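Asker: the following block contains a protein sequence and its predicted model.
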Amino acid sequence: AQSVTQLDSQVPVFEEAPVELRCNYSSSVSVYLFWYVQYPNQGLQLLLKYLSGSTLVESINGFEAEFNKSQTSFHLRKPSVHISDTAEYFCAVTYSIGSNFGNEKLTFGTGTRLTIIP
Amino acid sequence: KAGVTQTPRYLIKTRGQQVTLSCSPISGHRSVSWYQQTPGQGLQFLFEYFSETQRNKGNFPGRFSGRQFSNSRSEMNVSTLELGDSALYLCASSLDLTPTGELFFGEGSRLTVL
């Protein structure tokens, strides 16, 4: 079964500084990878996803993540954070179509709480 | 288009009681998943329903059950509540079962067991 590791439970960052939230997954087969964001008192929202093609994917609000198959990682980065980025970020993985594990559930990491310091 | 609606948003129960949580997915979405969110554990998958059939189930005891109705609305039930069941229960809907599809989450039902 697949699993996701987010080693950093909390990351404090000064406003306008860069940030990287780490995500490593464990799977022996082809996967799809996702980052979801949860703002205070809200449900989760999809931030970005990697399905295939370019290993670098971007979101509309300046975040990007790079799929690294050799290191089984999908780290999330932003060059300059804002107060509004304060949230909890969840990395998630599932098996890809054609991997003979169709309909497998989405597995989430334990989340990284990003705190922006003014 | 209305989002995923979960009711109730907050509830307090005592040990031994049972609880039913409701989820109305986005119109047209046929798949509904349930997750339990607790600090330090992240999101733990409970089950997934599609066209009134349970398609996937997580590693939770039989006290946790669910169902989906013909209009795609879903309910989950927890019987004989334990203190450890205190959590935010999140419902998510998607168009179908394809793993590439985006999950749309509700704001959750926060259950406190005393």
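Answerer: Thanks, I have the structure now.
Asker: ranges for the helices of chain B?
Answerer: Read by DSSP state H, chain B holds no helices at all.
Asker: by mean pLDDT, which helix or strand of it comes out lowest?
Answerer: strand B:53-57 (a mean of 89; mean pLDDT, DSSP states H and E).
Asker: who does residue 34 form a beta bridge with?
Answerer: With no chain named, the answer covers chain A. residue A:49, residue A:92 (DSSP bridges).
Asker: not quite, go with chain B.
Answerer: The partner residues for residue B:34, given DSSP bridges, come to residue B:47, residue B:91.
Asker: touching, it and residue B:47? I think so.
Answerer: Yes: at 5.7 Å, residue B:34 counts as touching residue B:47 under the criterion of CB atoms under 8 Å. Every C-beta, even on glycine, is put in place using the N, C-alpha and C of the backbone.
Asker: need the residues touching each of these two.
Answerer: Common neighbours of residue B:34 and residue B:47, counting by CB atoms under 8 Å, 6 or more residues apart in numbering or on different chains, are B:66, B:76.
Asker: contact partners for residue B:58?
Answerer: So residue B:58 contacts A:105, B:44, B:45, B:46, B:47 (CB under 8 Å, 6+ apart).
Asker: for it, grab phi and psi.
Answerer: phi -90, psi -170 (degrees, to the nearest 10).
Asker: poorly predicted segments of chain B, please.
Answerer: For chain B, the stretches flagged by pLDDT under 70 are B:1.
Asker: I'd like to know how many residues surround residue A:73.
Answerer: 17 (other CB atoms under 10 Å in any protein chain shown).
Asker: actually residue B:80, not the one I typed
Answerer: The burial count for residue B:80: 11, using other CB under 10 Å.
Asker: you'd agree it is up against residue B:13?
Answerer: No: at 10.8 Å, residue B:80 and residue B:13 do not qualify as touching, with contact defined as CB under 8 Å.
Asker: before we move on, the earlier item: chain center to the least confident helix or strand of chain B: distance?
Answerer: 12 Å (CA atoms, centre = their mean, to the nearest Å).
Asker: may I see the buried residues of that strand?
Answerer: residue B:56 (16 or more other CB atoms under 10 Å in any protein chain shown).
Asker: now swap in stretch A:21-41 and tell me
Answerer: In stretch A:21-41, counting by 16+ other CB under 10 Å, buried: A:21-25, A:27, A:31-38.
Asker: let me see the mean pLDDT of that stretch.
Answerer: Taken as a whole, stretch A:21-41 carries a mean pLDDT of 89.
Asker: also stretch A:73-88?
Answerer: pLDDT averaged over stretch A:73-88 gives 96.
Asker: report the buried residues of it.
Answerer: Under the neighbour-count criterion of 16+ other CB under 10 Å, stretch A:73-88 has A:73, A:74, A:75, A:76, A:78, A:81, A:85, A:86, A:87, A:88 buried.
Asker: quick one: name the residues of chain B near chain A.
Answerer: B:4, B:33, B:35, B:40-43, B:45, B:48, B:55-56, B:58, B:90, B:92, B:97-100, B:102-103, B:105-108 (CB under 8 Å from any CB of the partner chain).
Asker: now list the buried members of the residues you listed.
Answerer: B:4, B:33, B:35, B:42-43, B:45, B:48, B:56, B:58, B:90, B:92, B:97, B:99, B:103, B:105-108.
Asker: all good on my end, thank you.
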